[in-house]
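Colleague: Quick one, structure for this:
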Amino acid sequence: MKNTWKGLVVGALTGMLGGVVLDAAVRTRQEASRVIDKAVERAPGIAERVPDAAAAVAHRTAEAVRDADLGGKVRDMAQRVGGAGDDA
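Modeller: Presented below is the predicted three-dimensional model:
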């Protein structure tokens, strides 16, 4: 029974930590997306003055930030961290 309680506590703490990390990652991604949208909305004239190559790089970077699966990566990392405690 002693190991059961230990497993429950470790599982609860790991789940809580994973949830906090996932929430932070989602909020960060949402805030980054909102900042990018505001920048694009407020500065339409700047894009006309930027050389085509730089504009393409900025556009690809913005898409990469929006499309990044940060939540999935953090979830995988939390699962790996949670699984590391099972070996001990």
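Colleague: At the geometric centre of the protein, which residue sits there?
Modeller: Geometric centre of the chain, nearest residue: Leu70, 3.1 Å, by CA atoms, centre = their mean.
Colleague: Which pLDDT value goes with that one?
Modeller: pLDDT recorded at Leu70 is 71.
Colleague: Could you tell me which residues make contact with it?
Modeller: Ala25, Val26, Thr28, Arg29 (CB atoms under 8 Å, 6 or more residues apart in numbering). Backbone N, C-alpha and C define where each C-beta goes, glycine included.
Colleague: Could I get the average pLDDT for the helix or strand harbouring the third one?
Modeller: This means Thr28. With elements taken from DSSP states H and E, the one containing Thr28 is helix 2-42. Averaged over helix 2-42, pLDDT sits at 84.
Colleague: and that helix, how far out from the chain's middle?
Modeller: Mean-position distance between helix 2-42 and its chain equals 8 Å (CA atoms, centre = their mean, to the nearest Å).
Colleague: Show me what that helix is packed up against.
Modeller: helix 52-67, helix 70-87 (3 or more CB pairs under 8 Å, 6 or more residues apart in numbering; DSSP states H and E).
Colleague: Now do the contacts for Ala25.
Modeller: With CB under 8 Å, 6+ apart, Ala25 has these contacts: Leu70, Gly71, Lys73, Val74.
Colleague: close enough to count as contact, the last one and Asp23?
Modeller: No - with contact defined as CB atoms under 8 Å, Val74 does not count as touching Asp23 (9.5 Å).
Colleague: Please name the nearest non-neighbouring residue to Val74.
Modeller: Ala25 (4.5 Å; CB to CB, 6 or more residues apart in numbering).
Colleague: swap that for Gly11, sorry
Modeller: Gly82 (7.6 Å).
Colleague: Next, count neighbours for that neighbour.
Modeller: Residues lying near Gly82 (other CB atoms under 10 Å) number 16.
Colleague: Now for it: which residues touch it?
Modeller: Counting by CB under 8 Å, 6+ apart, Gly82 has contacts Gly11, Thr14, Gly15, Gly18.
Colleague: The same query, at a cut-off of 10 Å, please.
Modeller: Gly82 makes contacts with Val10, Gly11, Leu13, Thr14, Gly15, Leu17, Gly18, as judged by CB atoms under 10 Å, 6 or more residues apart in numbering.
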